[in-house]
Each structure stands twice: as structure tokens, then as C-alpha cells.
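J.: below: sequence and its predicted model.
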Amino acid sequence: MVARRSRIPATKYPVERFTLDNGLRVVLTPDRSAPVVGVAVLYDVGIRSEPEGRSGFAHLFEHLMFQGSENLEKLAHFRHVQGAGGTFNGSTHLDYTDYYETLPSNALERALFLEADRMRGPRLTGENLRNQVDVVKEEIRV
């Protein structure tokens, strides 16, 4: 019996790729079939980046990125996304860590600000670190 090759269907949406002056790679795929926008930011750091024999750092950092920034207090990211009717999350993988928001399309500027602000100046404090270490430890236990 000969294995049949499956064909991956081509996307029907245009894909635009470019790199900003600061090195940030951007991929745009416009789909105007619904008044919704998705913004995803992937960082090229994940579990593979952790020191040998030590684990949980990438996941801890994922959590810390939700703890406010230079411009926004703790939990403000949650309020701004949910207040616009959106959803969000982040996750840690072997090769990368990602964050995303899905919001009404009129909130695109809000999503881009939130991600840029978090990227530029996360609020990394001793209090946030202690709190999130305990949260991540509990997640690992569960």
C-alpha cells in the first residue's frame, strides 16, 4: 500500500512579512471577514533556554510579563483587554514564549500599545517575583 500524500491548502489571505528597524519581525495576515483582530507576540526564548538542571524560569518570566509595566500598574493589562471585550493569554514552549490578545478590531491600537509597553518595560519587582514564584510552583505541582 502506498501512503497518500496530503496536500496542505494554501491560505486565501495575503501574508505580509517585514522587519522593523529595531529587529522586530512582523507578520500581517489581513482577514476582514469579522470585526476582530488578533495580536500575537512570540519571544525566541523558552524552556530550552533554561540552565541545565534548573527549570521553570521561562514560565516564571511569562507570568512576570503580566504584572504591570513602567506605564501600567499590576492587572491593568487584564482590565484593558477585557474592558474592550477581548481575551488574552500567554504560554511557554520549548523554543518560544508567546502572548496574544483577541479583541474587536477597533482596539488594535490598544493591543499594540499593551504589547509594546510590556516589551519595553515590564515591572520586575521583588514583590512580583515572590508572588509569581509561588504561583508557578503551584502550577507545576498541579
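T.: Noted; the coordinates are in hand.

J.: how many neighbours does Pro101 have?
T.: Pro isn't right for residue 101; it's Glu. When neighbours are defined as other CB atoms under 10 Å, Glu101 has 25 of them. All C-beta atoms are positioned from the backbone trio N, CA, C, and that covers glycine.

J.: tell me how far it lies from Ser33.
T.: Spatial separation of Glu101 from Ser33 under the definition CB to CB, to the nearest Å is 19 Å.

J.: give the buried residues for stretch 73-87.
T.: Ala76, His77, His80, Val81, Gly86 (16 or more other CB atoms under 10 Å).

J.: likewise for stretch 122-139?
T.: So for stretch 122-139, counting by 16+ other CB under 10 Å, buried means Pro122, Arg123, Asn128, Gln132, Val136.

J.: and what about the third one, helix, strand or coil?
T.: When you say that, I think you mean Asn128. helix (DSSP: H, G, I helix; E, B strand; the rest coil).

J.: do you know how far it is from Glu109?
T.: Asn128 sits 27 Å away from Glu109, going by CB to CB.

J.: for the second one, same thing?
T.: If you measure Arg123 against Glu109 using CB to CB, the figure is 22 Å.

J.: kindly report the same for the fourth one.
T.: For Gln132, the distance to Glu109 under the criterion CB to CB works out to 28 Å.

J.: between the two ends of stretch 8-19, how far is it?
T.: Start and end residues of stretch 8-19 are separated by 27 Å (CA to CA, to the nearest Å).
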